[in-house]
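In: Dropping a prediction and its sequence here:
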Amino acid sequence: MKNFMKILALALVAVMAVACFAACNEKTDGKVYKIASDNAFAPFEYLDPETNTYVGVDMDIMAAIAEDQGFKYEMANVGFDAALGQVQAGQADGVIAGMTIKPEREEIFDFSNGYFEDGQIMVVAANSDIDSLEDLAGKVVATKAGTMGLEFAEANKEKYGYTTTMFEGSVEMYQAVAQGSCVACFEDRAVIGTAIKNGEVDLKTVGEVINPAPYGFAVNKGQNPELIEMFNKGLENIKANGKYDEILAKYGM
């Protein structure tokens, strides 16, 4: 009788362990990651007025990688600075927003492998006669919060004798330059190139690309390592099967 009770007890423990394992797997499989992103950074993320949805290179890359790796996510296009803040505050699991990988950010975030490389370029009004950094002396340069363009502008304003004013979004920054309240800004080449090509802004670029570096997907330091692993594996796969090139071609890149 005692042996029977022991066997029954062991069987019950085994059943409970299997049930717990299944429940844990179900919870993991059902997880929906929250990914934060910018809201006006074409061609990487921008609002399509016809569908009222956010589209772009980053949106398509994230979708392709999630499909390849079999995980679910929801996207929050909240703006660049806000996206970084949400990840740091634990309100989002990851961020993809044309975010340049650099040492200062690597102290705060864990990054994926680079998925695109770009750098900044000086942008002025289409009818401007400014053609060098030296021409900015005594003038006002527009910047966008949290960006590499802001970092470059702030680092060089004493050297070239200009002042800066900061905006939260790219659209506001472009308007300030086009309308003349600021004489220039520094923006990622692919982004401003798309806006100029599409006739969205009355601006032009000046000079060469500054500080080219890779963009990366990121999570808060030490958190969600599985997301980085899945992103890297998925990125490798979509590059191998041609999907990555299709996405870039779709947006004229």
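Out: Structure received.

In: and A89, how many neighbours?
Out: Each residue near A89 was counted by other C-beta atoms under 10 Å, and the total is 9. Heads up, the C-betas are built off the backbone N, CA and C, glycines and all.

In: Please state the backbone phi and psi of the residue nearest to Y251 when sequence neighbours are not counted?
Out: Residue nearest to Y251 in three dimensions, not counting chain neighbours: P43, with 4.0 Å by C-beta to C-beta, 6 or more residues apart in numbering. Main-chain dihedrals, P43, degrees, to the nearest 10: phi -90, psi 10.

In: Is it correct that P43 is in contact with G56?
Out: Yes: checked against C-beta atoms under 8 Å, the pair P43 and G56 is within contact range at 5.5 Å.

In: Return every residue with contacts to both of those two.
Out: Y251 (C-beta atoms under 8 Å, 6 or more residues apart in numbering).

In: coming back round to it: what about the residue nearest to Y251, distance to K221?
Out: As judged by C-beta to C-beta, to the nearest Å, P43 and K221 stand 29 Å apart.

In: the more surrounded of those two?
Out: Set P43 next to K221 and count neighbours by other C-beta under 10 Å: P43 wins out with 25 against 13.

In: which residue ranges form the helices in the stretch 51-200 of the chain?
Out: Counting by DSSP state H, counting those that start in this stretch, the stretch 51-200 of the chain has helices at residues 57-69, 80-88, 103-106, 148-160, 170-179, 189-197.

In: tell me which residues of the last one are tucked away?
Out: By neighbour count on 16 or more other C-beta atoms under 10 Å, the buried set for helix 189-197 is 189-196.

In: Likewise for the third one?
Out: Residues of helix 103-106 classed as buried: R105 (neighbour count, 16+ other C-beta under 10 Å).

In: In this protein, which residue is most central in space?
Out: A97 (1.5 Å; C-alpha atoms, centre = their mean).

In: Quick check: pLDDT value at it.
Out: Among the per-residue scores, A97 holds a pLDDT of 97.

In: Now do the contacts for it.
Out: Neighbouring residues of A97 by C-beta under 8 Å, 6+ apart: 36-38, 41, 44-45, 58, 80, 83-84.

In: With Q86 instead?
Out: 34, 36, 76, 78, 92, 95.

In: For it, give its distance to L150.
Out: For Q86, the distance to L150 equals 19 Å [C-beta to C-beta].

In: What of N127?
Out: Look at N127 and L150: by C-beta to C-beta, they are 25 Å apart.
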